[in-house]
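Student: Predicted model follows, preceded by the sequence.
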Amino acid sequence: MVEITQTQLTELTEPMWRIRLRLLSRSFIENWRLFKEYPIGIIGLGIIVIFGLMALAHPILMKYVWEPRVYDPVIGYDISILAHPSPPSSTHLLGTDPLGRDVLSQLLYGTRFGFSLGISAALVSVIVSTTIGALSAYYGGLVDVIFMRLADVVIMLPFIAILIVLSALIEFNGFSLALVYGLLVGFGGQTIVIKSQALSIKVKPYIEAARAAGGSDWHIIFTHLIPNLMPLSFLYMMFTVTGAVFAEAALSFFGLLNIRMSWGIMINTAQAAGYLLAGPEYLHLMLPAGLAITLLCSSFYMVGRALDEVVNPRLRQR
């Protein structure tokens, strides 16, 4: 007679959610161990954390440290300075712009907007591409043809040009831009990649076992297929953030976004006032916003490259 220990009895009676949580924790620890092997990913993650702290710092500084009438990113003005733009000083660490507004305050405010926009657009694209890719791979036939031809059309479209045209029809703000950009990416090339991965998962034995056990199509898709696509979807989410941040900067530079302040508006303000190529003494008007766009886009790209090494076993170092 086989005796069952108390530990084994506890494991047999353990709730399913606790088992899944434990397995998820083990998977996260293993993936984090692999991720740490790639310095490029750690550097990118560190830069993202810095930008996240910058985004959190602005409302705190405005409430407890800075005087709103001086440091507000849109309507602030320092009357103690006779001529604007002014160079960096102890009161304005990055100087002021041609309208007398603090450049550091604008940079921090733009960080909050760019960060939230990129993450929102990426979440929309992940939801759309993962769902469409899973449905196309599972059902095939007419469903696959319709979605894949739509993806081919979206891939051929120049995103920035399409967004400029749409801005004449839609009043873009942060939410609407994130939604439109996320849909364009989600219905485009990202869907094709997710679908190809879903096709390889569709033929796995556990999918056949679930079907033989009487599982419905929707149960198989949302319980077995989509969860196994999420690592790849999360990888492409990193690259979507990069494109969304760049698109926001381009549209706000052209004045096509209905927002208070962003990095693109900062560059546009300096360009409109004639300081774009005015000399090194006016670099504080262009360099902070331009460097912020470059670093934030690069950081998500670096994290994406490191995640690619983790998600794709064939790329891992042996």
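Tutor: Thanks, I have the structure now. Nothing here was measured: the structure is a model prediction, and the numbers come from that model.
Student: list the contacts for residue 253?
Tutor: By CB atoms under 8 Å, 6 or more residues apart in numbering, the residues touching residue 253 are 264, 265, 267, 268, 271. (C-beta placed from N, C-alpha, C; glycine too.)
Student: give me every residue that touches the first one.
Tutor: Under the criterion of CB under 8 Å, 6+ apart, the neighbours of residue 264 are 248, 249, 250, 251, 252, 253, 254, 257, 289.
Student: The same query, at a cut-off of 7 Å, please.
Tutor: Neighbouring residues of residue 264 by CB atoms under 7 Å, 6 or more residues apart in numbering: 248, 249, 250, 251, 252, 253.
Student: Wasn't the first one part of a helix?
Tutor: Yes - membership of residue 248 in a helix is supported by DSSP: H, G, I helix; E, B strand; the rest coil.
Student: Now do the contacts for it.
Tutor: Taking CB under 7 Å, 6+ apart, one finds 114, 117, 177, 262, 264 in contact with residue 248.
Student: Can you flag which of those belong to helices?
Tutor: 114, 117, 177, 264 (DSSP state H).
Student: quick one: which of those is nearest to residue 79?
Tutor: residue 264 (27.6 Å; CB to CB).
Student: Now, of the contacts of residue 248, which are buried?
Tutor: Using 16 or more other CB atoms under 10 Å as the burial test, those include 114, 117, 177, 262, 264 as buried.
Student: what comes into contact with stretch 277-287?
Tutor: Against stretch 277-287 from outside (CB under 7 Å, 6+ apart): 85, 87, 88, 94, 95, 97, 103, 267, 270, 275, 276.
Student: re earlier: can you redo the contacts of residue 248 as TSV with distance to residue 209?
Tutor: Compiled in TSV, these are given as follows (distance: CB to CB, whole Å):
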residue	distance to residue 209
114	46
117	42
177	44
262	51
264	52
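Student: quick check, nearest of those to residue 22?
Tutor: residue 117 (35.6 Å).
Student: Quickly note the distance from the closest one to residue 84.
Tutor: With the distance defined as CB to CB, to the nearest Å, residue 117 ends up 29 Å from residue 84.
Student: Then residue 103?
Tutor: 11 Å.
Student: With residue 97 instead?
Tutor: Distance from residue 97 to residue 84, by CB to CB: 7 Å.
Student: Give me the helices and strands touching the helix or strand residue 124 falls within, please.
Tutor: Residue 124 belongs to helix 103-139 when assigned by DSSP states H and E. Applying 3 or more CB pairs under 7 Å, 6 or more residues apart in numbering; DSSP states H and E, one finds that helix 103-139 makes contact with helix 39-64, helix 141-156, helix 174-186, helix 189-202, helix 226-253, helix 263-272, helix 283-311.
Student: Quick one: closest of those helices to residue 29.
Tutor: Comparing these by CB to CB, helix 283-311 comes nearest, at 12.5 Å.
Student: Show me the residue sitting in the middle of the protein in space.
Tutor: Against the mean C-alpha coordinate of the chain, by CA atoms, centre = their mean, the closest residue is residue 241 at 3.0 Å.
Student: before we move on, back to that, tell me the one among the ones in helices among the contacts of residue 248 nearest to residue 147.
Tutor: Distances from residue 147 to the ones in helices among the contacts of residue 248, taken by CB to CB, are shortest for residue 177, at 23.9 Å.
Student: Let me see the contact set for the closest one.
Tutor: 117, 248, 257.
Student: And it, how close does it get to residue 297?
Tutor: With CB to CB as the criterion, residue 177 and residue 297 are 16 Å apart.
Student: again, but for residue 129
Tutor: Distance of residue 129 to residue 297, given as CB to CB: 20 Å.
Student: Who has more neighbours out of these two?
Tutor: Using other CB atoms under 10 Å as the criterion, residue 129 and residue 297 rank with residue 129 on top: 30 against 20.
Student: Let me know the pLDDT of the more buried one.
Tutor: For residue 129, the pLDDT comes out at 89.
Student: What of residue 205?
Tutor: According to the prediction, residue 205 has pLDDT 85.
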